Structures are given as structure tokens and as C-alpha cells.
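>>> My questions concern the predicted model and sequence given below.
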Amino acid sequence: MRRTDLLPVLLLVLGCASGPPTKLDPGRGGAAGPSSVEQGPVILGPVAADGALEVKVMDVGQGDGIVIFGPTGIVAVMDAGPGSGGLKIADELRSRGIRKIDYAILSHAHLDHLGGFLRLMEKVDIGEIIDPAFPHTGKTYKRFLKQVEARGVKYTVARRGMEISLGPGVRLTLLAPEEPLLSGTRSDANANTIVARLDFGSVCILLTGDAELPTEDRLLAGDQPIQCPVLKVAHHGSAHSTSERWLERVKPQIAVISAGRRNRYGHPKPETLRRLEAAGARIYRTDLHGNVSVRTDGKRVMVVTSMSPDKATPPPKAATSPDNEAPSAATSAGGAP
């Protein structure tokens with residue numbers, strides 16, 4: 001993809017209201033959780049790269065791979081896509097002269113989020129691994145844990161209330177999972193995914209992993225601070241996420257979907273796209289736009305993409321039946337579709 005295809009977009013005003021403060025994780029420094037005071041409007045427009053926070057949703061195919069570049073040089077990676085995704089992220093870091101990831105955050109242990117970490121750990125150093133530690137029998141997850149132990153990487157179990165400082169004024173607050181973990185759902189691994197809110201100044205970005213309806217319902221019932229103008233849409237735009245009730249509370253005006261071109265699940269689902277459009281969100285998709293970067297200086301937000309939609313392969317129809325997302329033996333170890 002040519003970097004000359006970067007497309008600055010959006011000239012509108014966004015609001016970002018906060019909810020009640022969350023619990024500060026013992027042993028982690030930084031300010032308290034999101035403020036209960038409503039923040040001012042966020043203006044979308046040009047943002048200089050220096051001193052900005054950048055969240056880059058990488059085009060890793062059918063999976064999630066997100067790199068967070070803090071304004072003072074702290075780097076976090078939330079998911080690394082399938083195996084090839086780790087190499088794409090490593091190339092991105094190398095192009096910026098980055099040799100260490102401060103925080104590697106695994107939203108959950110399905111292959112389309114986990115697989116790339118195995119290759120990524122071979123290319124760069126990692127300061128700390130943050131993982132929901134939801135029991136998973138997949139061989140790749142076992143290999144991942146062994147590699148973490150062999151390399152002596154600090155390992156932290158993710159739970160609601162933890163905060164991670166990504167530089168002055170930048171904090172990542174975990175909103176899920178929480179005890180007791182959800183069970184008996186369509187996909188317990190998805191239901192107990194990490195959901196995190198990233199705050200910088202008056203801008204917030206909601207990162208949702210593969211959260212499904214039970215996750216959304218718990219967050220809504222708990223009155224969590226989920227209203228953010230920028231939403232990384234859960235589960236690649238699956239029909240099992242992104243309910244109307246959820247969107248009414250989040251109020252996204254920018255929605256980013258990570259999905260593979262011509263993927264066999266038919267992601268993102270038409271009904272999910274309709275709900276996002278009805279909510280007034282402007283939608284960016286890695287299958288159409290390539291890498292999607294959200295850059296902010298704490299007041300303004302700019303979205304750039306690495307590919308123009310008119311150069312992308314049109315998304316396919318669902319590969320099998322209209323609802324081809326029921327778990328199967330072929331996908332149960334790699335991730336609920």
C-alpha cells in the first residue's frame with residue numbers, strides 16, 4: 001500500500017462524556033480513573049504527529065492487531081492478529097525505529113488475536129504481558145504462555161479497574177473482564193475479552209476486543225464509563241455484538257472495524273453496519289481502507305487510512321448460510337466466528 005494514499009478525513013465536532021471513576025490497580029501509578037465531569041467537545045481536524053497519541057488499527061486480515069503509540073514514546077500492542085499479523089506489526093515498529101513494546105495486551109486467546117504475538121516476540125522485546133487468563137486449551141495459547149515464561153516477561157492478569165499509564169495524561173483503563181467471569185455464553189472466551197477505555201485529554205477511544213452481547217449487557221448494567229466518540233467495533237463487526245442499546249450509550253461518531261478481505265464469516269455483518277449507520281457513526285474498515293490510524297492531541301482527532309476504498313476488493317457475500325457464525329469444530333480452537 002502506498003503511503004501517499006493517506007486520507008485525512010472528518011470535519012465535525014464530537015462529544016466525549018465520562019462516567020464514574022474506576023478503581024486504581026494497586027502498584028500502578030498515574031491518575032485516578034476517568035473523571036465524572038463531562039468533557040468538552042472534541043474537534044476533528046489536522047493533528048501534528050509530534051506529541052500526539054496514535055492508535056493504529058493494522059490491516060492484519062481476519063483478526064485484530066492494534067498498536068498504540070503514546071505521545072512520549074511508550075508503545076502498547078493490543079492483539080497481534082493471526083501469525084502473519086505479528087510480522088506486519090513488527091515491520092511497522094521497525095519502520096519507526098522501535099525495538100521494544102512496553103505493554104502487550106491480549107484481549108483473549110483466540111488465534112486471530114493471539115497468533116501474531118508468537119512471531120512478534122521473536123522480533124521485539126516486550127516489557128509486560130497483560131492477559132485475561134481465561135482458561136483455554138488451544139496449543140497456540142500454551143505455546144504463548146511457555147514463550148512468555150522462557151523470555152522472563154512480566155505477566156499480569158487483566159481485571160476491571162486496572163490502569164496503565166502510556167505517558168503524561170494518557171491512561172488505558174480496563175473495564176472488563178471482571179469477577180465473577182461470565183460463563184455459559186455463546187463463546188465464554190469472547191465474553192471475557194478485555195474491554196479498555198483509552199483517555200488523552202478530552203478524547204477517549206473504546207477498545208472492545210471480541211466482546212459479545214453478554215459483555216455489553218454487563219457493562220451497561222454496571223454503569224461503566226463507555227461513552228466515547230471513537231469505537232473499535234467488537235468482534236470484526238459480528239452480528240453477536242454492537243447492539244442498539246450499546247450504541248445508544250457509547251454514542252460513537254467514528255467506528256473502526258478490523259476484518260479480513262473476503263473472509264468466510266461475512267464480517268462485518270450488514271445488520272451491524274446498519275446499526276452503526278443509524279447511530280450516526282462514520283465507519284472505517286481494514287478490509288476496505290487498509291490500516292486505520294486515529295491520531296489525537298487530546299483535543300482534536302484525525303483519521304488517516306492507508307488505502308482508498310475504491311481500490312479495495314468488494315466484500316463478499318456470506319460464505320454459507322445467512323447466519324454462518326455458529327461455532328464449529330474447525331473454529332472452536334481458533335476463535336468463535
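Received it, and whenever you're ready, just let me know what you need.
>>> do you know how far the closest residue to Arg261 other than its chain neighbours is from Ala158?
Closest residue to Arg261 apart from its sequence neighbours, by CB to CB, 6 or more residues apart in numbering: Asp287 at 4.6 Å. Any C-beta I mention is one placed from the backbone N, CA and C, and that applies to glycine too. Counting by CB to CB, to the nearest Å, the gap from Asp287 to Ala158 is 28 Å.
>>> How about Ser183?
17 Å.
>>> quick revisit: so the residue nearest to Arg261, which of the three states?
Of the three states, Asp287 takes helix according to DSSP: H, G, I helix; E, B strand; the rest coil.
>>> looking at the sheet around Thr296, what are its partners?
Beta bridges link Thr296 to Leu53, Val301, judged by DSSP bridges.
>>> Tell me, how many residues neighbour it?
Neighbour count for Thr296, taken as other CB atoms under 10 Å: 26.
>>> For it, list the residues it contacts.
Val42, Val47, Ala52, Leu53, Glu54, Phe200, Gly201, Val203, Met302 (CB atoms under 8 Å, 6 or more residues apart in numbering).
>>> next one: Gly51
Pro71, Asp297.
>>> Check the secondary structure at it for me.
Going by three-state DSSP: Gly51 is coil.
>>> So for it, what's the pLDDT?
At Gly51, the pLDDT value in this model is 91.
>>> separation between it and Arg99?
Relative to Arg99, Gly51 is positioned 22 Å away (CB to CB).
>>> How about Arg143?
Distance, Arg143 to Arg99, using CB to CB: 23 Å.
>>> How about the residue nearest the centre of the chain: which residues does it bridge to?
For the chain, the residue nearest the mean C-alpha position is Leu207 (4.0 Å; CA atoms, centre = their mean). Following DSSP bridges, Leu207 is listed with bridge partners Ala196, Lys232.
>>> rewinding a little: okay, Arg143 and Arg99: which has more neighbours?
Arg143 (14 against 11).
>>> Assign the more buried one to helix, strand or coil.
Assigned by three-state DSSP, the conformation of Arg143 is helix.
>>> isn't it right next to Leu118, touching?
Yes. Using CB atoms under 8 Å, Arg143 and Leu118 qualify as a contacting pair, with a distance of 6.4 Å.
>>> follow-up on the earlier one: could you identify the most distant pair in the contacts of Thr296?
Based on CB to CB, the longest span within the contacts of Thr296 runs between Val42 and Glu54 and measures 15.5 Å.
>>> who has more neighbours, those two?
Ranked by neighbour count (other CB under 10 Å), Val42 and Glu54 place Val42 first, with 23 against 17.
>>> and Arg96, how many neighbours does it have?
A total of 11 residues lie near Arg96 under the criterion other CB under 10 Å.
>>> what sits against it?
Counting by CB under 8 Å, 6+ apart, Arg96 touches Phe69.
>>> from the contacts of Thr296, which is closest to Cys228?
Relative to Cys228, and with distances defined as CB to CB, the nearest of the contacts of Thr296 is Val203, at 8.4 Å.
>>> could you measure the closest one against Arg249, distance?
The spacing between Val203 and Arg249, counted by CB to CB, is 18 Å.
>>> Compare the two (neighbour count), which wins?
Val203 (25 against 16).
>>> these two touch, right, the more buried one and Ile254?
No. If you go by CB under 8 Å, Val203 and Ile254 don't touch, sitting 10.6 Å apart.
>>> can you list residues touching both of those two?
The contact sets of Val203 and Ile254 overlap at Pro229, Val230, Val301 (CB under 8 Å, 6+ apart).
>>> export the residues you listed to TSV and tack on distance to Glu128?
Formatted as TSV, the shared contacts of Val203 and Ile254 follow (distance: CB to CB, whole Å):
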residue	distance to Glu128
Pro229	28
Val230	25
Val301	28
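>>> Specify which member of those is nearest to Asn190.
Nearest member of the shared contacts of Val203 and Ile254 to Asn190, counting by CB to CB, is Val230, at 21.5 Å.
>>> Low-confidence ranges, this structure, go.
Within the chain, the ranges that satisfy pLDDT under 70 run 1-43, 309-337.
>>> Pretty sure the residue nearest to the centre of the chain sits against Ala196.
Yes. With contact defined as CB under 8 Å, Leu207 counts as touching Ala196 (4.8 Å).
>>> shared neighbours, those two?
Shared contacts of Leu207 and Ala196 (CB under 8 Å, 6+ apart): Met78.
>>> burial of Arg245, as a residue count?
The burial count for Arg245: 11, using other CB under 10 Å.
>>> Pull out the buried positions in the helix or strand hosting it.
Using DSSP states H and E, Arg245 sits within helix 244-250. For helix 244-250, the neighbour count (16 or more other CB atoms under 10 Å) marks Trp246, Leu247, Arg249, Val250 as buried.
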